[in-house]
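Novice: What follows is a predicted protein model with its sequence.
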Amino acid sequence: MNLIHHWLCQSTGWRKVLETQAPWALEGLTLGRDVLEIGPGFGVTTDLIRPAVENLTCVEIDPKLAQSLRGRMTGKSVTVLCENATSMSIESASFDAVVCFTMLHHVPSPYLQDRLFSEVARVLRPDGIFLGTDSLYSWGLRLLHLFDTMVVVNPQTLPDRLGSAGFADVDVVVGMSAFRFRARKPAMKLKPDEVGEYSGGLLL
């Protein structure tokens, strides 16, 4: 992250942007009890979603940012892991929802972005949701990322990419400078020998 980008992500102006984008991404949804945030950075969005989440886990690849966020979240039911989201140590089917805000373009290649999508599908529980926002390409964004990683996600191709990672019900909405996405991990299908009669939501 270059110096200008580093400064912007801590600024009051950027906080106000995320205070608009995060509710837009979460509009009409309930995240569930156990939630994973990928790439929280300085933790602006962590602050925004934490009050609505019982157990929040954050995965941050930058050691300094992870250490800073871990110290700030002590005693707040937030676990901060310093690791790469394309190969997480987290057990499969651990979360009801996974969120990421304006961070996908920091993943250095489409291949690694697709690996991240597959990892998210792995750690989600059946019927869990993956959602977030990311920036649309602009010259201003390009200048902000001068000498920095910027691999912009095309919102038009994102549904197919998420489908290939195992998601269904993909919804992408494009705004003025950003897009939001939502995708659901399909509910677990019963094998033929597991099919029985249902009563009150329980398998008998």
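Specialist: Arrived safely, thanks for sending.

Novice: quick one: Val152 from Thr86, how far?
Specialist: The spacing between Val152 and Thr86, counted by Cβ to Cβ, to the nearest Å, is 18 Å. C-beta: built from backbone N, CA, C; applies to glycine.

Novice: Between the two, point out the one with more neighbours.
Specialist: Thr86 (19 against 15; other Cβ atoms under 10 Å).

Novice: residue contacts, the more buried one?
Specialist: Residues in contact with Thr86 (Cβ atoms under 8 Å, 6 or more residues apart in numbering) are 107, 112, 115-116, 119.

Novice: part of a helix, is it?
Specialist: No. Counting by DSSP: H, G, I helix; E, B strand; the rest coil, Thr86 is not part of a helix but coil.

Novice: which residue packs closest to it, ignoring adjacent ones?
Specialist: Arg115 (4.2 Å; Cβ to Cβ, 6 or more residues apart in numbering).

Novice: which helices and strands sit right next to the helix or strand that contains that neighbour?
Specialist: Arg115 belongs to helix 110-123 when elements are defined using DSSP states H and E. Helix 110-123 is packed against strand 34-38, strand 95-101, strand 124-135, helix 158-164, with contacts defined by 3 or more Cβ pairs under 8 Å, 6 or more residues apart in numbering; DSSP states H and E.

Novice: Could you dump those into TSV and include mean pLDDT, distance to Val44 and mean neighbour count?
Specialist: Shown next, in TSV, are the helices and strands packed on helix 110-123 (pLDDT from 0 to 100; distance: least, Cβ to Cβ, whole Å; neighbours: other Cβ atoms under 10 Å):
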stretch	mean pLDDT	distance to Val44	mean neighbour count
strand 34-38	98	11	24
strand 95-101	97	8	25
strand 124-135	96	13	21
helix 158-164	98	23	16
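
Novice: Of these, give the one that comes closest to Gly175.
Specialist: Minimum separation from Gly175 across the helices and strands packed on helix 110-123 (Cβ to Cβ) falls at strand 124-135, 8.6 Å.

Novice: State the paired neighbours of that closest one in the sheet, together with their directions.
Specialist: The sheet places strand 124-135 alongside strand 95-101 (parallel), strand 178-184 (antiparallel), with pairing taken from DSSP bridges.

Novice: what's the angle from the last one to helix 110-123?
Specialist: Note on geometry: by axes from the mean of the first three to the mean of the last three Cα atoms, to 10 degrees, strand 178-184 and helix 110-123 are set 40 degrees apart in direction.

Novice: Residues touching strand 178-184, excluding its own?
Specialist: If you take Cβ under 8 Å, 6+ apart as the criterion, strand 178-184 is touched by 21, 24-25, 29, 102, 127-136, 155, 158, 162, 167-173.
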